[in-house]
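In: this one's sequence-less:
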């Protein structure tokens, strides 16, 4: 069979393109286990999410090296932020974040952390918040709750994760807008907070659904109001704060970031990896069952999202007198 010169040139071009694509696809591969830092304690929403993602990656053999979850909850996430910022091997260090990604550097400028310098890998979801009480409180509506909390003043204790981060910001909102004087007690993780509600050691919480789901299913924890724009499918009897006359909705990012200084090839690798996780049936089922919102974001879109939320939280902290 005779092969023309033009055909040979075409084959050469195709072969060259194939090599180029292959080289691009393999521009970075981890050569050792990847540190997967969690800036919260065990049992909370961030911890559960990280360990599920690790499981999905392993089950479907999405990566050549394992992700190793490491909890660093100290200082409302300061421990994790400093650890990742100072990572010696930036291409093998990633972190699961929540909104303390914004607030902790603002509250603790001495850390020298700039959230916007972390590598934007993937936003996997936005988590939701509800107000929870123990069933034995006898409170079944938000109006009953407000009246009762007013009557007991600072004897009412709201528990939450960390200091001046998500849970306390919502608590401050409730105190300011409903004339309440709740006392706020911080814990290291949302799972611990949920246990405090179930054990009646605190009076209420604003846990994410994933953190308190077990106690809700057991009939122990009762949701009174949702801090979302619309009612959540899983909690149809919990009205939104907007229905209660307050133009307030609050969500928490569930994102994966890379260490500052991570190479572009490594960032592209991790973004591709977590897009596969996002598209998996397991992750989509988890999103639906845990009342998670938000589309997948990466790169410039994720950085733009961070900038908007950074300023939103700067204003919230200023209003709370914390900056």
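Out: Thanks, I have the structure now. Bear in mind that the values here come from a model prediction, so they are computed numbers and not experimental data. Numbers count the residues shown, from 1 in each chain.

In: helices of the stretch 201-323 of the chain, start to end?
Out: 209-217, 264-279, 281-289, 299-319 (DSSP state H, counting those that start in this stretch).

In: the residue positioned nearest the centre of the chain: what's it in contact with?
Out: What sits nearest the mean C-alpha location of the chain, by CA atoms, centre = their mean, is residue 254, with 2.5 Å. For residue 254, the contact set (CB atoms under 8 Å, 6 or more residues apart in numbering) comprises 45-46, 49, 96-98, 123-127, 292, 294. The C-beta positions use only the backbone N, C-alpha and C, and glycine is treated the same way.

In: any idea how far it lies from residue 223?
Out: 20 Å (CB to CB, to the nearest Å).

In: now residue 279
Out: The spacing between residue 279 and residue 223, counted by CB to CB, is 30 Å.

In: and residue 77, by the same measure?
Out: Residue 77 is 26 Å from residue 223, by CB to CB.

In: ok, those two, which is more surrounded?
Out: Taking neighbours as other CB atoms under 10 Å, residue 77 and residue 223 compare with residue 77 leading, 30 against 20.

In: for residue 156, give me its contacts.
Out: With CB under 8 Å, 6+ apart, residue 156 has these contacts: 148-149, 180-183, 203-204.

In: any idea how far it is from residue 62?
Out: In terms of CB to CB, residue 156 sits 46 Å off from residue 62.

In: which of the contacts of residue 156 fall in strands?
Out: Judged by DSSP state E, the subset of the contacts of residue 156 located in strands is 183, 204.

In: show me which of the contacts of residue 156 are buried.
Out: Buried subset of these (neighbour count, 16 or more other CB atoms under 10 Å): 149, 180, 182, 203-204.

In: what is the nearest of the contacts of residue 156 to residue 41?
Out: For these, the residue nearest residue 41 by CB to CB is residue 204; the value is 19.7 Å.

In: got any ranges where the stretch 151-300 of the chain has weak pLDDT?
Out: Along the stretch 151-300 of the chain, segments meeting pLDDT under 70 are nowhere present.

In: ok so, going back, now tabulate the buried ones among the contacts of residue 156 in JSON lines and tack on distance to residue 87.
Out: As requested, these are exported to JSON lines (distance: CB to CB, whole Å):
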{"residue": "149", "distance to residue 87": "44"}
{"residue": "180", "distance to residue 87": "42"}
{"residue": "182", "distance to residue 87": "38"}
{"residue": "203", "distance to residue 87": "40"}
{"residue": "204", "distance to residue 87": "38"}
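
In: out of those residues, which is nearest to residue 105?
Out: Closest to residue 105, out of all of the buried ones among the contacts of residue 156 and judged by CB to CB, is residue 182, at 26.5 Å.

In: show me the contacts for that closest one.
Out: 149, 154, 156-158, 171, 174-175, 204.

In: in which helix or strand would I find residue 82?
Out: Using DSSP states H and E, residue 82 sits within helix 78-85.

In: I misspoke; the intended subject was residue 132.
Out: Per DSSP H and E: residue 132 is located in strand 130-134.

In: ok, and what's touching that strand?
Out: Contacts for strand 130-134 (CB under 8 Å, 6+ apart): 139, 142, 145, 174, 194, 197-198, 200, 203-207, 209, 212, 216, 220-227, 232, 235, 238.

In: now a PyMOL select for only the buried ones of these.
Out: For the buried members of the contacts of strand 130-134, the matching PyMOL selection, counting by 16+ other CB under 10 Å, is:
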select buried, resi 139+142+145+174+194+197+198+203+204+205+206+207+209+212+216+220+221+222+223+224+225+226+227+232+235+238
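
In: gap between residue 292 and residue 257?
Out: 18 Å.

In: I'd guessed residue 122 sits against residue 275; true?
Out: Yes. The pair residue 122 and residue 275 qualifies as a contact (CB atoms under 8 Å) at a distance of 6.7 Å.

In: of these two, give the one with the bigger neighbour count.
Out: Neighbours per residue (other CB under 10 Å) separate residue 122 from residue 275, with residue 122 holding more: 25 against 15.

In: who are the packing partners of the helix or strand where residue 195 lies?
Out: Residue 195 is part of helix 190-198, with elements assigned from DSSP H and E. If contacts are counted by 3 or more CB pairs under 8 Å, 6 or more residues apart in numbering; DSSP states H and E, helix 190-198 sits against strand 130-134, strand 157-161, strand 204-205, helix 209-217, strand 221-226.
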